[in-house]
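> Using only what follows, build the 3D model:
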Amino acid sequence: MNTSQLWRIVAAREMSVKLKDRNFIVSTVAVLVLIIGALAVQGWLASRPQTTDVAVLSSSATSVTQQAEKAAHAAGSDKVTFKTSTYADQGAAERAVTDGKADVALLPTDDGGWRLVGKSSKDSAAQTWIPQAVQQQALQRNAAAAGVSLDQLAKGSTVSYDLLQSGDDQQSTGKIMGLVFGFLFYIAALLFGMSIASSVIEEKQNRIVEILASAIPLRQLLIGKVVGNTVLALAQVAIFAVAGIIGLIATGRSDLLSQVSAGIVWFILFFIVGFVTFAAVWAVAGALATRNEDLQSTSTPLTMLVVIVFIVGISGTGIFLTAASYVPLLSTIAMPVRVVSGDAAWWEPVVSLLIGLAAAYLIVRVAEKLYRRSLLQTGHRLSYREALALTDD
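Numbers count the residues shown, from 1 in each chain. Now for the predicted structure:
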């Protein structure tokens, strides 16, 4: 086999070892269970019927609640129901609310209208749908009195609402996806990164690296390690993404897919670039060390950088998030979040990705030199500055 293709053997070995690693399997299954469990709980909460007990004084109030329930169902809120209980007078109805026997009371006013009475907080279902039902019935009465149809009476009363910028709902979805993207990248960068560094140290301690170096160019060894772990990390993220998508569909939230799908695609692309960059530097962290105890020192800058990428991605807002979305590595989470939030023009992730690729190329080239120069240095732990000062043999 051509020496330039030897990285494939290394990559295959890395993947084979990782797939047999119990910690890797357990962590993957644990995250899957966490994702499925979270979606299951969300689906269960969404499927629970939202029943509002309403205290009324007459059948006309009951008619209003029935109209409100129909309006809720017509709008897609199938779980909203109103249960009425009739009381003798206003005082009895208010006491029922105070004692917790009813969520609200629907009482008539002197001018022919209605008022809702709650205990200490407003019931969202009653506040949303009962006023709509009252308005609908009032329109029907007024239309009949005027001798016109309801459509004629309501003509010209509709108002559309267009947003020039992304709205609160989209921003909220962006924040949620930021947590998801950040969590996935944080876990992958740390777990796989520490695994890469530990395997390099193990090879140095066992002197296996000297045998490998005589048979495989060190550059090919590094490429194989990076490629093998990147493939596994990407496969793991793909499994989590598929589980999340299936969960959204199963819980009736498939409408979110159109909003987050573009962000997921861009996250995968940025994830590959960011992970490859980190993987190469994690290999250097292992090469600088001579034993596992040294890894804490050589990996501290990397760990801090991963944490910074995570924090910026999930908490950045406004101009700060915009600026971060163009900074290599920080853009791994920041730019997909902006895509989901609707804050990024179509060309922005393209430019950001190109910047990230250029930076990744430079970082990986430097990491490759540090890896080659420090891998066979087994006398003592090297600092990054010492490794930079070394020369190729």
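
> And for residue 359, the neighbour number?
17 (other CB atoms under 10 Å). (Glycine included, C-beta is placed from N, CA and C.)

> Confirm it sits in a strand?
No: according to DSSP: H, G, I helix; E, B strand; the rest coil, residue 359 belongs to no strand; its state is helix.

> Tell me how far the closest residue to it other than its chain neighbours lies from residue 357.
Leaving out its chain neighbours, the residue that sits closest to residue 359 by CB to CB, 6 or more residues apart in numbering is residue 328, at 3.5 Å. In this view, residue 328 and residue 357 are 9 Å apart by CB to CB, to the nearest Å.

> Look at those two and report which has more neighbours.
Neighbours were tallied for residue 328 and for residue 357 using other CB under 10 Å; the higher tally belongs to residue 328 (19 against 16).

> still on that earlier bit, next one: phi and psi at the residue nearest to residue 359?
Phi and psi for residue 328, reported as degrees, to the nearest 10, are phi -50, psi 140.

> mind checking the SS state of residue 53?
strand.

> which residues sit in contact with it?
With contacts defined as CB atoms under 8 Å, 6 or more residues apart in numbering, residue 53 is in contact with 83, 84, 85, 101, 102, 103, 104.

> Swap in 10 Å and give it another go.
Residue 53 makes contacts with 81-85, 96-97, 100-105, 123, 126, as judged by CB atoms under 10 Å, 6 or more residues apart in numbering.

> now do residue 86
Residue 86 makes contact with 55, 56, 57, 58, 59, 61, 62, 92, 93, according to CB under 10 Å, 6+ apart.

> Among those residues, which lie within helices?
Under the assignment DSSP state H, those contribute 59, 61, 62, 92, 93 to helices.

> Would you reformat those as a markdown table and include distance to residue 25, pLDDT and neighbour count?
Output for the ones in helices among the contacts of residue 86, formatted as a markdown table (distance: CB to CB, whole Å; pLDDT from 0 to 100; neighbours: other CB atoms under 10 Å):
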| residue | distance to residue 25 | pLDDT | neighbour count |
| --- | --- | --- | --- |
| 59 | 63 | 90 | 10 |
| 61 | 60 | 90 | 21 |
| 62 | 58 | 91 | 17 |
| 92 | 63 | 93 | 13 |
| 93 | 60 | 92 | 25 |
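
> from these, which single one is nearest residue 249?
Nearest to residue 249 among those is residue 62, at 38.1 Å by CB to CB.

> The closest one is in contact with residue 130, isn't it?
No: if you go by CB atoms under 10 Å, residue 62 and residue 130 don't touch, sitting 11.7 Å apart.

> any common contacting residues for these two?
Counting by CB under 10 Å, 6+ apart, the common neighbours of residue 62 and residue 130 are 54, 82, 106.

> could I get those as a markdown table with neighbour count?
A markdown table is the format used below for those (neighbours: other CB atoms under 10 Å):
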| residue | neighbour count |
| --- | --- |
| 54 | 27 |
| 82 | 27 |
| 106 | 27 |
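
> my read: the residue nearest to residue 359 touches residue 352, true?
Yes: shown here, residue 328 and residue 352 form a contact pair, counting by CB under 10 Å, at 8.7 Å.

> circling back to that earlier point, what about the contacts of residue 53, which are in strands?
Counting by DSSP state E, these place 81, 82, 83, 84, 85, 104, 105 in strands.

> check contacts around the first one.
Pointing back at residue 81 there. Residue 81 makes contact with 49, 50, 51, 52, 53, 65, 68, 69, 72, 73, 125, according to CB under 10 Å, 6+ apart.

> Recalculate using a threshold of 6 Å.
Shown in contact with residue 81 (CB atoms under 6 Å, 6 or more residues apart in numbering): 49, 51.

> Verify the assumption that residue 313 is located in a helix.
Yes: according to three-state DSSP, residue 313 belongs to a helix.

> Counting neighbours, what do you get for it?
Residue 313: 26 neighbours (other CB under 10 Å).

> Pass me the low-pLDDT residue ranges in the stretch 251-393 of the chain, would you?
For the stretch 251-393 of the chain, the stretches with pLDDT under 70 are 251-253, 255, 392-393.

> how about 50 then?
By pLDDT under 50, the stretch 251-393 of the chain has no low-scoring segment.

> Which parts of it are helices?
Applying DSSP state H, counting those that start in this stretch to the stretch 251-393 of the chain gives helices spanning 257-288, 295-315, 318-324, 331-341, 347-375, 384-389.

> just to revisit the earlier point, what's the closest of the contacts of residue 53 to residue 265?
residue 81 (40.1 Å).

> for this structure, longest helix please?
Using DSSP H to define each element, the chain has its longest helix at helix 168-205.

> so what does the helix or strand following it touch, helix or strand wise?
Counting by DSSP states H and E, the element after helix 168-205 in chain order, helix or strand, is helix 208-215. Judged by 3 or more CB pairs under 6 Å, 6 or more residues apart in numbering; DSSP states H and E, helix 208-215 has no packing partners among the helices and strands.
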